[in-house]
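J.: coords below, sequence missing:
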């Protein structure tokens, strides 16, 4: 199952912002945990990885109880690479302990103007 979203609550990402982006995975099978995850952002969907940027997640909870949590720490350096009003393709891909690779979220987001710069 893939969730299609706008990544940042449907409003876009303000240039220069830095923030943690968390996702919770539910329904993990017994004896299967989260090994790793990646967030990839591209100007064109056909761009080679890593695209504009690609982040590895911190696995906050591996999901041994069936519910796991991952966190991506998006930096201001990364958001400043984005151009306002430009669409960006993204996905979040998770690798599980059984070797499965799942795209759990995908969609298009954009960058907002950076108003405060000091």
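T.: It's in. These numbers come from a predicted model, not from an experiment.
J.: hey, what's the residue nearest the centre of the chain bridged with?
T.: The chain has residue 39 as the residue nearest its centroid, 3.6 Å off, counting by C-alpha atoms, centre = their mean. Per DSSP bridges, the residues bridged to residue 39 are residue 55, residue 92.
J.: return the residues in contact with it.
T.: With contact set as C-beta atoms under 8 Å, 6 or more residues apart in numbering, residue 39 has these partners: 21, 54-55, 57, 72, 90-92. All C-beta atoms are positioned from the backbone trio N, CA, C, and that covers glycine.
J.: let's see it at 6 Å
T.: 55, 72, 92 (C-beta atoms under 6 Å, 6 or more residues apart in numbering).
J.: including distance to residue 78, could these go into a markdown table?
T.: Supplementary listing: the contacts of residue 39 in a markdown table, determined by distance: C-beta to C-beta, whole Å:
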| residue | distance to residue 78 |
| --- | --- |
| 55 | 8 |
| 72 | 10 |
| 92 | 15 |
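J.: many thanks, we can stop here.
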